[in-house]
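Undergrad: Build me a structure from this.
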Amino acid sequence: MTNWTVRVADAARSQLNREYNAEMISRYWGRPTNDAEIDAYERDEQDHDVPVFLVVSRDGEDVGCLGMRFLGDGAGELTRMFVRAPFRGQGAASALLVAMEAEALKHGVTVLRLDTRNDLVEARSLYAKHGFAEIDRYNNAEYADHWFEKSLKRLTSAHPVAMS
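TA: Presented below is the predicted three-dimensional model:
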């Protein structure tokens, strides 16, 4: 089992955000992106509100991130789930989800929601594995195809995580 460390970080200062944006652009268009396209996306993107941002690392190397914004009425929305390619399939994304559930409860969030796209098959599988159920559209996200929700009435301990 890989030992992951998850910590709260500043989304605006994380290089992982740019890597996430590059991958989302490339996957959506089915081609490599470039700095100018990423810069334009980051300038125009309306998804800047990420008050809770977690980074997962191993041996001091940051390898992934996950953000959460507050929707009100005890609901939070997950955003920016990303793990660098060489670290995928090793439990980093699961560590982020488990840690975010605990962080959400600390902030009074009892329901997590998220949207995702058709091409992000691995993400949809991950969310289902962690108890998220597909729901009807709850937002007007331009590029979303699927919406998920999970109640946080109790925490699971299937994936232990060290929070620092």
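Undergrad: CA atoms for contacts and neighbours, from now on please.
TA: Noted.
Undergrad: Need phi/psi at residue 131.
TA: For residue 131, the backbone dihedrals are phi 90, psi 10 (criterion: degrees, to the nearest 10).
Undergrad: Thought residue 125 was touching residue 118, still the case?
TA: No. Here residue 118 does not reach residue 125: they are 11.3 Å apart, not a contact under Cα atoms under 8 Å.
Undergrad: For this structure, which segments count as helices?
TA: Remark: helices of the chain, listed N- to C-terminal, are 15-29, 35-44, 92-106, 121-129; assignment by DSSP state H.
Undergrad: least trustworthy helix or strand in this protein by mean pLDDT?
TA: Comparing every helix and strand of the chain by mean pLDDT, DSSP states H and E singles out strand 162-163 as the least confident one, with a mean of 52.
Undergrad: Not counting sequence-adjacent ones, nearest residue to the spatially most central residue of the chain?
TA: In the chain, the C-alpha nearest the mean C-alpha coordinate belongs to residue 81, at 2.3 Å (Cα atoms, centre = their mean). Leaving aside its sequence neighbours, residue 81 sits nearest to residue 66 (Cα to Cα, 6 or more residues apart in numbering; 4.4 Å).
Undergrad: show me the contacts for the one you found.
TA: Neighbour list for residue 66: 53-55, 78-82, 96-97, 100 [criterion: Cα atoms under 8 Å, 6 or more residues apart in numbering].
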